[in-house]
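> here is a sequence together with a model predicted from it:
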Amino acid sequence: MKRTPRRRARGFSTADVLVGMAVSLVGLTALYGLFDAQQKAMAATNVSTATQAAVRNVVDLMSRELRMATYDPSGLAFPVAPGPSCPGIRRGFDEGTPTKVHFRQDLNGDGAITAAGENVTYALVGYEVRRTDAAGGTVTLAAGIPQGGFVLRYFNGSNPPVEIVPGGSPPSLTASQLDCVAKVRVTVTAALTDPDRHRRKPLTSIGSSDVAIRNRELANL
């Protein structure tokens, strides 16, 4: 029986192996680049979400509390403004600057300002927005606030409202100006470093709200 000669099987040459390794490295590099880009995008999204949440929380909380400023259902908590500016208005704003507002409110109607949430200050301290409750201490609400990132503007109750501009150095509303505050515009800008070190521009979020002081708005109707 005649045997059929077998062909010698050929293996991989060194060149084949090198080419295969090069192709694999190119593929791995591309996958790593894609993974790294996704990780950076996710990190940037998380930072952006955090800044948006911080801004929203500050604006929402300030809006809720500012609306109730000078609230005095018993008529015993605050004196009445004598005028000549806005006479008859219940006092309750103690300080108003472009970066700080201090106000009081008799939430439980007992004629005293001693309960939680009745004597409140919001202020920019360094790079932080802080809330101070005379009955509960100080809490940092947001960090990473840049220069000019927390701005308060004050308006009277006329139609259309006229801005009440703090004067002096440092600028602050006078007692008669505080008596006429019927609206406060709160603007908060948070800026945090982009986790991608190749991007120098920070990630920013801005929130703003015009808050009508309920007692004083009603008094002007």
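Great, that's in hand.
> for the protein, what spans make up the strands?
Using DSSP state E, the strands of the chain run over residues 93-97, 100-104, 119-125, 128-133, 137-142, 150-155, 163-164, 183-192, 203-212.
> mind putting those strands in JSON lines, distance to V80 and mean neighbour count included?
Placement of C-beta: from N, CA and C, glycine included. Below are these laid out as JSON lines (distance: least, Cβ to Cβ, whole Å; neighbours: other Cβ atoms under 10 Å):
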{"stretch": "strand 93-97", "distance to V80": "14", "mean neighbour count": "19"}
{"stretch": "strand 100-104", "distance to V80": "15", "mean neighbour count": "22"}
{"stretch": "strand 119-125", "distance to V80": "19", "mean neighbour count": "19"}
{"stretch": "strand 128-133", "distance to V80": "26", "mean neighbour count": "18"}
{"stretch": "strand 137-142", "distance to V80": "31", "mean neighbour count": "14"}
{"stretch": "strand 150-155", "distance to V80": "20", "mean neighbour count": "20"}
{"stretch": "strand 163-164", "distance to V80": "19", "mean neighbour count": "16"}
{"stretch": "strand 183-192", "distance to V80": "20", "mean neighbour count": "21"}
{"stretch": "strand 203-212", "distance to V80": "20", "mean neighbour count": "17"}
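> helices along the chain, start to end?
Ranges of helices in the chain, per DSSP state H, are 14-67, 175-179, 214-219.
> indicate which one of the strands of the chain is closest to R56.
Proximity to R56 (Cβ to Cβ) singles out strand 203-212 among these, at 5.8 Å.
> how far away from the center of its chain is that closest one?
7 Å (Cα atoms, centre = their mean, to the nearest Å).
> what is the mean pLDDT for it?
The pLDDT scores in strand 203-212 average 88.
> dump that strand to PDB, restricted to CA.
C-alpha atoms of strand 203-212 as PDB (Å, rounded to 0.1, in the frame of the first residue of the first chain):
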ATOM      1  CA  LEU A 203     -17.800  72.800  36.400                       C
ATOM      2  CA  THR A 204     -20.400  75.400  37.400                       C
ATOM      3  CA  SER A 205     -24.100  75.400  38.300                       C
ATOM      4  CA  ILE A 206     -26.200  78.500  38.800                       C
ATOM      5  CA  GLY A 207     -29.600  78.800  40.600                       C
ATOM      6  CA  SER A 208     -31.700  81.900  41.200                       C
ATOM      7  CA  SER A 209     -35.000  82.700  42.700                       C
ATOM      8  CA  ASP A 210     -37.100  85.800  43.400                       C
ATOM      9  CA  VAL A 211     -38.600  85.400  46.900                       C
ATOM     10  CA  ALA A 212     -41.600  87.500  47.900                       C
END
